[in-house]
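**Student:** test case, fold it:
(4 chains, ligands or ions: 6)
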Amino acid sequence: MNTTFTLGTMHLKNRVLVASGTFGYGNEAAPYTDLSRLGGIVTKSVSWLPRQGNAPTRIAETTAGMLNSIGLANVGIDAFISDKLPFLRALETSIIVNIAASSIDEYVDVMERLESEEGIQGYEINVSCPNVKEGGLNFGTRCDMTESITRELRKRTSRTLIIKLTPNVTHIGDFARACEAEGADAVSLINTLVGMAVNIHTRRPVLSTITGGLSGPAIKPVALAKVFEVHKAVSIPIIGIGGITTWQDAIEFLLVGASAIQVGTASFRDPDAAAKIAAGMEEYCAAHGVSDIQELVGGLRIPEGVAAPGFVKTR
Amino acid sequence: MNTTFTLGTMHLKNRVLVASGTFGYGNEAAPYTDLSRLGGIVTKSVSWLPRQGNAPTRIAETTAGMLNSIGLANVGIDAFISDKLPFLRALETSIIVNIAASSIDEYVDVMERLESEEGIQGYEINVSCPNVKEGGLNFGTRCDMTESITRELRKRTSRTLIIKLTPNVTHIGDFARACEAEGADAVSLINTLVGMAVNIHTRRPVLSTITGGLSGPAIKPVALAKVFEVHKAVSIPIIGIGGITTWQDAIEFLLVGASAIQVGTASFRDPDAAAKIAAGMEEYCAAHGVSDIQELVGGLRIPEGVAAPGFVKTR
Amino acid sequence: MPVINADLRVTANDLIAEETWTLRFHSPELAAQLRPGQFLNILTSANVDPLLRRPYSISNVVGDECEIMYSLVGKGTHALSQKIPGDTIGVLGPLGNTFGYEKSFGTAIIIAGGIGVAPFPFLTRELQQREIPLITFLGARNSARVVSRGLANLHVATDDGSEGFHGNVIAALSAYLDDHRVENPMIFACGPNPMLKAAQAFALDRGIACELSLESEMACGIGICQGCPVERHQGERKFALVCTEGPCFDSNDILFQEQQHA
Amino acid sequence: MPVINADLRVTANDLIAEETWTLRFHSPELAAQLRPGQFLNILTSANVDPLLRRPYSISNVVGDECEIMYSLVGKGTHALSQKIPGDTIGVLGPLGNTFGYEKSFGTAIIIAGGIGVAPFPFLTRELQQREIPLITFLGARNSARVVSRGLANLHVATDDGSEGFHGNVIAALSAYLDDHRVENPMIFACGPNPMLKAAQAFALDRGIACELSLESEMACGIGICQGCPVERHQGERKFALVCTEGPCFDSNDILFQEQQHA
Ligand SMILES: Cc1cc2nc3c(=O)[nH]c(=O)nc-3n(C[C@H](O)[C@H](O)[C@H](O)COP(=O)(O)OP(=O)(O)OC[C@H]3O[C@@H](n4cnc5c(N)ncnc54)[C@H](O)[C@@H]3O)c2cc1C
Ligand SMILES: Cc1cc2nc3c(=O)[nH]c(=O)nc-3n(C[C@H](O)[C@H](O)[C@H](O)COP(=O)(O)OP(=O)(O)OC[C@H]3O[C@@H](n4cnc5c(N)ncnc54)[C@H](O)[C@@H]3O)c2cc1C
Ligand SMILES: Cc1cc2nc3c(=O)[nH]c(=O)nc-3n(C[C@H](O)[C@H](O)[C@H](O)COP(=O)(O)O)c2cc1C
Ligand SMILES: Cc1cc2nc3c(=O)[nH]c(=O)nc-3n(C[C@H](O)[C@H](O)[C@H](O)COP(=O)(O)O)c2cc1C
Ligand code: FES
Ligand code: FES
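**Tutor:** Ligands and ions are numbered 1, 2, ... in the order given. Prediction:
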């Protein structure tokens, strides 16, 4: 049975990646799972300079979800290359470096620095972090900015280029189309939804940044609808993200149009979750006579007479 | 202790309403709760003609939430007035009729018909239902449409006019500002988030309309952030909605800026939920020496040095 | 009699057949009110996973105790199966209409498929108290799943032939009626949709009165969510609500669509 | 030794003081590896409410069994309190660093506030095995909440004066040290932040070495979420992660902010 997937110039051994910011740089979770069973690892967002991140409190549990405002805490590009990349490079899985920045120049600088490093198969561009003041969501909620970033980065790499979209917009399909037009190999979605929690005893926001990003099982229905919407809008592959906890969840994302998926918050409950999901998907395919998992991608059966919802603009 | 609230020309006995579409027309739940303990009842959306609603399957449970695509099934304005209003009118609570329509003319017609009926204290205008093809989300995601609807309706009533906003937009504050500018007495939010679920056995969407509206505890953090955002944008009162299940949830909404709240999905778990929440809020106020619950509205304490998140445009 | 929305004390919870359980709880008020065909909406878990109540047919009433019967399917029934005597469960009811067992007919023909057997011990008792003759056709996957308790005049059909008639329950009934004369019969059927559809066609074909007890996704169980429609055959209203207008319907009123969404 | 991420069998779960429980589970592998100060990240519920694991200090190791101690607070501890022997719980660990009980000092001064007593039975045993003298100061809300088992040389302080010293535990320690000579002491403290802050100030003032076991919101417990920072006093890195660099820190390394977010 074939579970592999070619995305741009990158070959994934299966459809299951771990999501940026939820799996560190691979080494931390290594004792708890077999990293070679993953299709790929998307690193914590890397920026040019190290970022200390936001003050505590950075996370808050909500019902079937969690809020985070980590603030892109990361070691910065130099330390990433010297301290983190050697470990990642040696793994038998694809490495996708997620890049965050507060200006187009910073994105370009980080990517150009990484271009000369071996052992990186692709980039995922975080234009959509809700938890930093400059850049972040401001890029991701403006179609023209998303377009410019994609254009500038595409010029500079032949590695696989994935743009990670925010769900916090009215028409996500427009953003995906902009990425496709500018030559992105894929879009990944969704990043977190803007959310908030209040401590009624102190009457203060729980998070030091007031609002944060909502992730986990709570957001899965929203993520599925967004992937479905983007699938109707573009022809480039989609990487589905949002609340995926079981292999059944992953199959749902494939059916609505995702070519691959990322496991985020679920790794906090179980660092072995992504590997288990990959195994579960294989068993499902074997049991249902699916010889190539690609058969499932976009395989949603829409009963006759049912029109796509109004908000979906068809190509 | 004072829990009352004057909203436009309407006097609410407390801050707890039941949300449109989650409490029928009051009569169905009457055996299970004391309706006179509610601040108000917002009716199921009423349209000019009766609507049969969407084909089954109309609801799907998700993790800590549910999707619905009822399709505004309702008895229509005539039957509402003859069969439902007499019961509502006799209750010792405020009655707010929620109006749905597929054109501005239809909104106007429904409202004008209701203007001549007694026992209605206010209107909530549903510009944001994600589950009908014409109108619905198309109105709610276009600021100019929201503006026109508010303007036309404001001309025709001196009763309390509340516009119900959808969360499925990039900048909800803009919509609230448009409502405020056109004379709405309040905005209520959030309506449901667009979401989806897939049956992996049949490979079909669970809902007959493919996508539906997500509600319940899962969406509470998103709703809180939207209310907070709108609170920074406008001065008119806000009615907070989304996942409220306990009185603690309700207090969170007040602190971020809601003057009143609506209980939706929680009534399905317990038809007495709203009354229990109202009682819980009173006890909380009594225990914490809050003599007027208005003290809590917008009472969030933001520690010094913490800036509001970037996406919040201040007035 | 007041409706009940309360946490009630579980008195028994037993595995009675393969993946099939009965759960009893104490409620004199419900015991006094419930009628065969009605259902209860049950909060299987105090936390919000699963979020919604689950509807269960009333399976029997014994003294001050009420019994439901369930088969293990997903989250809700898993949570139910963990209950032990002394625990409480949240119960809302009585809900829905009753079987038309007070209509005039000669013999009741009960058709049950799988866990669709749930409402029939209670119906059987009421029929027997009224001295109305009855025959019961019970379809099950296999012998291990046959739940015969509380039933009378039982004819079993199993998919794998491990007990009784080898085949589906409608075929078993059909064969029976070919050989036996049944005076003025009326069918009461509960089970999976394909079975109900077959029962509907069979009843129409033979001109037998027939009531179907339907299932539907339900959020509220009391008519406030509009989530549980079933398509009607005729009339100006296209849909009926299973929770308040059912779950028991005249089989001629119901239009089964090609199952678009299972 | 391999790390553990498994469902382990609960062997005991007992109420030992007001709203205070100990839970034991069977795990020879963990029993062999765990050291005082470390913690485990525990899945309190199989469903997703609550979603995240909860960290608990290892409270003791007895043969092949490990023990945690918890006080009833919210969802997670409510779920824990429902466990009965034979149930399983998901355990991830061992996690975090250990108390510096192998450093060179003369007498260990243990300061515990509330459920902050949890790690100290285990530490006490290790100290006693090494024949290191120790004194324990335990602060509790009232007498009903005092958990003395596994502790040694105990001085109790209660907020309401219902047992021992009337007042906070730092005041009790201070009074003690005014009257007694303690050779080359080192403080090990665990409890609510205000207590830790007081311990920090006290240790600085008296020039006593001091380690604090800190809490923080944690999503993962293994360093992959960056959710659990504590602010550092100095150095180029502003934050340290409580889960991987702690939970035990030299008290001079930690900067307690005015509690902005509780
Ligand atoms: C009026 C009424 C009366 C009812 N009475 C009873 C009763 O007496 N006894 C009883 O056991 N149930 C009864 N039900 C059904 C019951 O309410 C629940 O739906 C059932 O117990 C499953 O709940 P769960 O939480 O265990 O499963 P869930 O976690 O809700 O899982 C069910 C889900 O699994 C899917 N599913 C279910 N079976 C399969 C399958 N074989 N293959 C693939 N997918 C599947 C469904 O699409 C559904 O989404 C009744 C329903 C109604 C409406
Ligand atoms: C390294 C480490 C070790 C730990 N060791 C232990 C241990 O050994 N024993 C132990 O019992 N706990 C320990 N904890 C705490 C534990 O992880 C849980 O946080 C605690 O058990 C509460 O979980 P819960 O799910 O019951 O409460 P939750 O449902 O998580 O509720 C806690 C929530 O309530 C709020 N809250 C808590 N107490 C109060 C209060 N008094 N007033 C107002 N709000 C409040 C908090 O803001 C928090 O959001 C440790 C934590 C860490 C980080
Ligand atoms: C703690 C945390 C940190 C995250 N950090 C990043 C990040 O650095 N860069 C990024 O692109 N996404 C980040 N994300 C978003 C996730 O990659 C993912 O898009 C989101 O969590 C939704 O998936 P989930 O529901 O499976 O977690 C983070 C999410 C969490 C929960
Ligand atoms: C089954 C269902 C039907 C609804 N019908 C309507 C409706 O007719 N009109 C409307 O304005 N909102 C409708 N809503 C939205 C609710 O009023 C509310 O805005 C939303 O459910 C979020 O609140 P909750 O999370 O508390 O349910 C409906 C929601 C549900 C779940
Ligand atoms: S289940 Fe809500 S109306 Fe029937
Ligand atoms: S808890 Fe996740 S990094 Fe510490």
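
**Student:** helices of the stretch 51-200 of chain A, start to end?
**Tutor:** Remark: helices assigned in the stretch 51-200 of chain A by DSSP state H, counting those that start in this stretch are A:76-79, A:85-89, A:104-115, A:137-140, A:143-156, A:172-181.

**Student:** and for the stretch 151-262 of chain C?
**Tutor:** With DSSP H, counting those that start in this stretch as the criterion, the stretch 151-262 of chain C has helices at C:169-179, C:193-206, C:242-245.

**Student:** tell me the angle of the longest one relative to helix C:169-179?
**Tutor:** For the pair helix C:193-206 and helix C:169-179, the angle between their directions (axes from the mean of the first three to the mean of the last three CA atoms, to 10 degrees) equals 20 degrees.

**Student:** name the helices or strands packed onto helix C:193-206?
**Tutor:** Where contact means 3 or more CB pairs under 8 Å, 6 or more residues apart in numbering or on different chains; DSSP states H and E, helix C:193-206 is packed against strand C:107-113, helix C:169-179, strand C:185-190, strand C:209-213. Every C-beta, even on glycine, is put in place using the N, C-alpha and C of the backbone.

**Student:** wait, which of these is closest to chain B?
**Tutor:** With CB to the nearest CB, the closest approach to chain B among the helices and strands packed on helix C:193-206 belongs to strand C:209-213: 15.4 Å.

**Student:** mind listing what's buried in the closest one?
**Tutor:** C:209, C:210, C:211, C:212, C:213 (16 or more other CB atoms under 10 Å in any protein chain shown).

**Student:** distance from it to the middle of the chain?
**Tutor:** Distance of strand C:209-213 from its chain centroid, counting by CA atoms, centre = their mean, to the nearest Å, is 12 Å.

**Student:** put the alpha carbons of it into PDB.
**Tutor:** Taking Å, rounded to 0.1, in the frame of the first residue of the first chain, the C-alpha atoms of strand C:209-213 are listed here in PDB:
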ATOM      1  CA  ALA C 209     -51.600  -1.500   9.900                       C
ATOM      2  CA  CYS C 210     -48.100  -0.600  11.000                       C
ATOM      3  CA  GLU C 211     -46.400   1.700  13.400                       C
ATOM      4  CA  LEU C 212     -42.700   2.400  13.300                       C
ATOM      5  CA  SER C 213     -40.600   3.700  16.200                       C
END
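
**Student:** okay, the angle between that strand and strand C:185-190?
**Tutor:** Going by the same axes, to 10 degrees, strand C:209-213 makes 10 degrees with strand C:185-190.

**Student:** what is the nearest of the buried residues of strand C:209-213 to ligand 3?
**Tutor:** Set against ligand 3, the nearest of these by CB to the nearest ligand atom is residue C:213 (39.8 Å).

**Student:** and the end-to-end length of stretch C:56-75?
**Tutor:** Taking CA to CA, to the nearest Å, the first and last residues of stretch C:56-75 lie 15 Å apart.

**Student:** touching ligand 1 at all, that stretch?
**Tutor:** Yes: for stretch C:56-75 and ligand 1, the contact criterion (CB under 6 Å from any ligand atom) is met by C:56, C:57, C:68, C:69, C:70, C:71, C:73, C:74, C:75.

**Student:** distance across stretch A:185-200, terminal residue to terminal residue?
**Tutor:** 46 Å.

**Student:** report the closest residue of the stretch 51-200 of chain A relative to chain D.
**Tutor:** Residue nearest to chain D within the stretch 51-200 of chain A: residue A:59 (3.8 Å; CB to the nearest CB).

**Student:** distance check, the residue nearest to residue C:166 when sequence neighbours are not counted against residue C:187.
**Tutor:** Once flanking residues are discounted, residue C:166 sits nearest to residue C:158: 6.8 Å by CB to CB, 6 or more residues apart in numbering or on different chains. Using CB to CB, to the nearest Å, residue C:158 is found at 20 Å from residue C:187.
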